[in-house]
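K.L.:
Model the following, please.
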Amino acid sequence: MPKIGLRIIKSSIAVFLCFVIYLIRGEGIPFYSAIAAVLCMQPYVSNSRKVALNRIVGTFIGGIFGMFAMIIERQFIPPNIPIIKYIFISASIIPLIYFTVLLKKTSASYITCVVFMSVTVSHALDANPYLFAVNRVIDTLIGIFVSLFVNSFHLPKKKNHHLLFVTGFDGTLTDSSGKISNYTKIKLNQLIQNGANITIASELTPASLIPIIEEIGFKLPLITMHGAALYDINKKKYSYCKYIPYKTATDIIKIFKSHSLNCFVHTVIDDVLHIYYDKFTNPVEENFYHSKKLLPLENYICGPLPPKQDVLYFMAVDKLEIIKKLNKEISSLNCLNEISSFYYPDLYNKGYYIFIVCSKEASKENAIAELKKEYALDKAIAFASKKRDLSMILSTDFSYAVENADDKIKKAAKSIIGDSTNDTVIKTIEKLYHSKNLFE
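P.N.:
Residues are numbered from 1 along each chain as shown. As a prediction, the model looks like this:
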């Protein structure tokens, strides 16, 4: 059973306050205030302000149109033939909605029609059209402002602005289906809007990661591609990259060519990720290419690396015995002080492994250190589930492993929390961000 969320409770409080105002005011119809309060309640305060503004515009448009419609009805429509009145009201909806389109306020169309019909349909026959329209506008505005007040109201809470929260992605922030739950999305946005410093550490490129997190308003750069780069999604640029020098990169490419194997060579040119590749040597890498080639922010090029172009990282996917052979040869190069290499199982293709070669300085822990320095943050707290995040959680000030994490991560982490499918990470971040006594 899902829990009763704060938005539901706030909606109830807003409706009650509308009734209280009606009792104090001694006039009006509280139904219109209450319905407006419920319609304006949003998960985020910033959204509530935008919605409230649209509702206010729609309220005035609907009220003014309704007042003129009542005057026309009194003057020209016989009261004993109600069908003509209803045809007139129905036809009036067309210019009413079209007017909101002209004003580029289409999101206000709904409340515009609600206020218009509340004036024209439910009015008493002996009511003053001007006074009746004004009262309906006031009723609706009361509901809008009450909703905005309730949604914006927060009891004073401690905020640990000096903390950096870094969460792994697959199996940590995501559930068993590889998705971020709606609850986590809403909580992330709320915390970020309230000043929490939160980012993601992922193996994915920005082009692969952004579509999954596009509903979340991250303000800090994202740690991408195994820590080789920080990507600022707001500025659409790479704020930090750790490269393999061109000469070393050519030596690595020669090893792949000597075995007639392909690899994907990643580099950043003008804030666009360029991926160079050769002829495919197995169906998995070909499928990988076809699944990624049309993504924005990436440019796949069948051809050699441009001269003097440093490389962000190499990625290959193949059978384990081939990967081991490549890793052994690359490890024997006279450049081990410049590069690091590792491999791990491809979760989507049984029997295949992903092989990564990157700069020695390209790591999630170094990217975290860069973020702490850039944003003057005192401590970093990491959340992880995969073995490849081991060095990250060992380097941070405090670390948490989710219940479904690899055993090595559980042993290395300072604390173990619940399964990732239960929104455990975001709940822990929220608790720590507002905690007076951290880590107790």
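
K.L.:
Just give me the residue right at the centre of this structure.
P.N.:
Ile216 (1.5 Å; Cα atoms, centre = their mean).

K.L.:
the strands in the stretch 251-400 of the chain, which residues?
P.N.:
264-269, 272-277, 298-302, 313-319, 339-345, 352-359, 379-384, 398-401 (DSSP state E, counting those that start in this stretch).

K.L.:
picking that back up, thinking the residue nearest to the centre of the chain is in contact with Leu191, fair?
P.N.:
No. The pair Ile216 / Leu191 is not scored as a contact, 10.3 Å apart, by Cβ atoms under 8 Å. Where you see a C-beta, it was placed from the backbone N, CA and C, and this is true even at glycine.

K.L.:
ok, back up a step: gap between the closest residue to the residue nearest to the centre of the chain other than its chain neighbours and Lys219?
P.N.:
In space, and not counting its chain neighbours, Ile216 is closest to Leu188: 5.0 Å by Cβ to Cβ, 6 or more residues apart in numbering. Distance, Leu188 to Lys219, by Cβ to Cβ, to the nearest Å: 11 Å.

K.L.:
Those two: which has the busier surroundings?
P.N.:
Neighbour tally, Leu188 and Lys219, criterion other Cβ atoms under 10 Å: the higher count belongs to Leu188, 26 against 15.

K.L.:
What's the separation between that one and Val121?
P.N.:
For Leu188, the distance to Val121 - Cβ to Cβ - is 42 Å.

K.L.:
Identify, by residue count, the longest helix of this protein.
P.N.:
helix 45-76 (DSSP state H).

K.L.:
which of the residues in it are buried?
P.N.:
Residues of helix 45-76 classed as buried: 48, 51-52, 54-67, 69-70, 73 (neighbour count, 16 or more other Cβ atoms under 10 Å).

K.L.:
Please save the CA atoms from the following helix or strand past that helix in PDB.
P.N.:
Per DSSP states H and E, helix 45-76 leads on to helix 82-102 as the next helix or strand towards the C-terminus. Output in PDB follows, covering the C-alpha atoms of helix 82-102 (Å, rounded to 0.1, in the frame of the first residue of the first chain):
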ATOM      1  CA  PRO A  82     -33.100  27.100 -21.300                       C
ATOM      2  CA  ILE A  83     -31.800  25.200 -24.300                       C
ATOM      3  CA  ILE A  84     -30.800  28.500 -26.000                       C
ATOM      4  CA  LYS A  85     -28.900  29.600 -22.800                       C
ATOM      5  CA  TYR A  86     -27.000  26.300 -22.800                       C
ATOM      6  CA  ILE A  87     -26.200  26.600 -26.600                       C
ATOM      7  CA  PHE A  88     -24.900  30.100 -25.900                       C
ATOM      8  CA  ILE A  89     -22.700  29.000 -22.900                       C
ATOM      9  CA  SER A  90     -21.300  26.100 -24.900                       C
ATOM     10  CA  ALA A  91     -20.500  28.200 -27.900                       C
ATOM     11  CA  SER A  92     -18.800  30.700 -25.700                       C
ATOM     12  CA  ILE A  93     -16.200  28.100 -24.700                       C
ATOM     13  CA  ILE A  94     -14.600  28.400 -28.200                       C
ATOM     14  CA  PRO A  95     -13.600  32.100 -28.000                       C
ATOM     15  CA  LEU A  96     -12.800  31.700 -24.300                       C
ATOM     16  CA  ILE A  97     -10.200  29.000 -24.900                       C
ATOM     17  CA  TYR A  98      -8.900  30.600 -28.000                       C
ATOM     18  CA  PHE A  99      -8.300  33.800 -26.100                       C
ATOM     19  CA  THR A 100      -6.000  31.900 -23.700                       C
ATOM     20  CA  VAL A 101      -4.200  30.600 -26.700                       C
ATOM     21  CA  LEU A 102      -3.700  34.100 -28.100                       C
END
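
K.L.:
now helix 82-102 against helix 45-76, angle please.
P.N.:
Going by axes from the mean of the first three to the mean of the last three Cα atoms, to 10 degrees, helix 82-102 is angled at 140 degrees with respect to helix 45-76.

K.L.:
Could I get the average pLDDT for helix 82-102?
P.N.:
Averaging pLDDT along helix 82-102 yields 91.

K.L.:
next one: the next helix or strand after that helix to chain centre, how far?
P.N.:
Following helix 82-102 in sequence order, the next helix or strand is helix 109-120 (DSSP H and E). Offset of helix 109-120 from its chain centre (Cα atoms, centre = their mean, to the nearest Å): 33 Å.

K.L.:
I'd like to check which residues are in contact with the closest residue to Gly227 other than its chain neighbours.
P.N.:
Distances taken as Cβ to Cβ, 6+ apart place Lys364 nearest to Gly227, at 3.8 Å, with adjacent residues excluded. Lys364 makes contacts with Val166, Ala201, Ile223, His226, Gly227, Asp389, Ser391, Met392, as judged by Cβ atoms under 8 Å, 6 or more residues apart in numbering.

K.L.:
Farthest-apart pair in those residues, please.
P.N.:
Val166 and His226 (13.7 Å; Cβ to Cβ).

K.L.:
And those two? Which one has more around it.
P.N.:
Ranked by neighbour count (other Cβ under 10 Å), Val166 and His226 place Val166 first, with 27 against 24.

K.L.:
so which helix or strand takes in the more buried one?
P.N.:
Per DSSP H and E: Val166 is located in strand 163-168.

K.L.:
now that strand against strand 379-384, angle please.
P.N.:
Going by the same axes, to 10 degrees, strand 163-168 makes 20 degrees with strand 379-384.

K.L.:
What average pLDDT does strand 163-168 get?
P.N.:
Strand 163-168 comes out with an average pLDDT of 96.

K.L.:
what about that strand, distance to the chain center?
P.N.:
How far strand 163-168 lies from its chain's middle: 15 Å, per Cα atoms, centre = their mean.

K.L.:
Ok, stretch 413-424 next?
P.N.:
That offset, for stretch 413-424, works out to 20 Å (Cα atoms, centre = their mean).

K.L.:
in it, what counts as buried?
P.N.:
Ala413, Ile417, Ser420, Asp423, Thr424.

K.L.:
Out of those residues, which one has the lowest pLDDT?
P.N.:
Least confident of the buried residues of stretch 413-424 in the model: Ser420, at 88.

K.L.:
Count the residues that sit near the spatially closest residue to that residue that is not a sequence neighbour.
P.N.:
Excluding the flanking residues, the one nearest Ser420 by Cβ to Cβ, 6+ apart is Val402, at 4.6 Å. Val402: 26 surrounding residues under other Cβ under 10 Å.

K.L.:
could you measure Val402 against Ile393, distance?
P.N.:
11 Å.

K.L.:
what is in contact with these two at once?
P.N.:
Contacts common to Val402 and Ile393, judged by Cβ under 8 Å, 6+ apart, are Ala384.

K.L.:
for the strand holding Val166, which positions count as buried?
P.N.:
Leu163, Leu164, Phe165, Val166, Thr167, Gly168.

K.L.:
Wait, the fifth one touches Ile381, no?
P.N.:
It stands for Thr167. No. Taking contacts as Cβ under 8 Å, Thr167 lies outside contact range of Ile381: 9.1 Å.
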